[in-house]
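got a sequence here, can you model it:
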Amino acid sequence: MSFRRISILTAMALLAVTLVVGVAQAQSSGNTVTDFTLKTATNSNVSLKSYSGKKAVVVAFLNPACAFSRLYQERLASLSSSYGGRGVQFLFINVPINIDAPGTAAPGEVELPTLTDASQQVSSLLGVSKTAEAVVLQPEGSSFAIRYRGAIDDNPQVASSVQQHYLKQVLDNLLAGRPAGVADKRAPGCLIKR
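Residues are numbered from 1 along each chain as shown. Prediction:
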């Protein structure tokens with residue numbers, strides 16, 4: 001065997017191991033969250049532990065000043081409606097971004113019921129850096145395992161041109177009792193202000 005073939009085979013083996021380890025890490029009990037508390041628009045507390053009876057919890061990070069967030073609002077509302085009756089809870093968190101612009105939904109846009117994370121504890125805890133980025137949590141004993149972190153789908157600009165529905169695929173897999181599949185996908189979006 002030539003040196004070139006050995007190098008190619010070694011590179012392919014390393015890539016395969018990296019992918020397997022990445023999926024295993026995201027689905028292992030080492031990536032868990034015990035609890036966090038957020039505020040509603042009426043200043044009520046919402047605790048993650050209150051959803052321990054759900055099959056999954058999707059935490060989506062948004063900001064109305066971010067074009068990516070606005071582009072995903074209708075898709076997220078649709079997913080929340082579709083999966084809500086199947087035991088999946090959606091939490092939409094309004095986080096500050098690195099754009100100093102007032103943000104409100106444009107006429108005709110869907111406005112999602114957002115929660116506030118003033119200290120940005122949740123975005124840091126879940127390792128999220130952009131809006132619109134989603135994290136799928138699955139109850140596991142007294143905590144929640146992180147099953148997915150990343151993009152909602154592969155086309156933020158044109159919903160009708162989406163080919164890969166990452167968030168939907170993960171939820172379908174988890175509800176069917178299968179592993180999440182993909183552990184993370186890089187999300188496009190606006191950077192969360194730290």
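
from here on, contacts and neighbour counts on C-alpha atoms
Fine.

so F36 makes contact with N45?
No: counting by CA atoms under 8 Å, F36 stays clear of N45, with 10.0 Å between them.

so which residues of this structure form helices?
With DSSP state H as the criterion, the chain has helices at 3-27, 67-84, 121-126, 166-175.

run through the chain and note the low-pLDDT ranges.
Along the chain, the parts satisfying pLDDT under 70 run over 1, 3, 5-30, 100-111.

and for A159, the neighbour number?
14 (other CA atoms under 10 Å).

name the nearest residue to it, ignoring sequence neighbours.
Closest residue to A159 apart from its sequence neighbours, by CA to CA, 6 or more residues apart in numbering: R75 at 7.7 Å.

just give the number of residues close to the one you found.
When neighbours are counted by other CA under 10 Å, R75 comes out with 16.

how much space between it and N45?
R75 sits 26 Å away from N45, going by CA to CA, to the nearest Å.

now S82
25 Å.

same check, this time on K54
K54 is 18 Å from N45, by CA to CA.

for the nearest residue to F68 once chain neighbours are set aside, list the residues it contacts.
For F68, ignoring the flanking residues on the chain, the nearest one in space by CA to CA, 6+ apart is G189 at 5.5 Å. Neighbouring residues of G189 by CA atoms under 8 Å, 6 or more residues apart in numbering: 66-69, 130-133.

same check on S142?
34, 52.

and P188, by the same measure?
Contacts of P188 (CA under 8 Å, 6+ apart): 68, 130-133, 151, 156.

for those residues, give me CSV that also has neighbour count.
Below are those laid out as CSV (neighbours: other CA atoms under 10 Å):
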residue, neighbour count
F68, 21
K130, 28
T131, 30
A132, 32
E133, 27
A151, 24
P156, 21
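
of these, which pair is most distant in space?
Across these, no pair lies farther apart than K130 and P156, at 13.1 Å, counting by CA to CA.

name the nearest residue to the residue most central in space within the chain, sequence neighbours excluded.
The chain has A134 as the residue nearest its centroid, 1.6 Å off, counting by CA atoms, centre = their mean. Spatial nearest neighbour of A134, excluding adjacent residues (CA to CA, 6+ apart): A60 at 4.3 Å.
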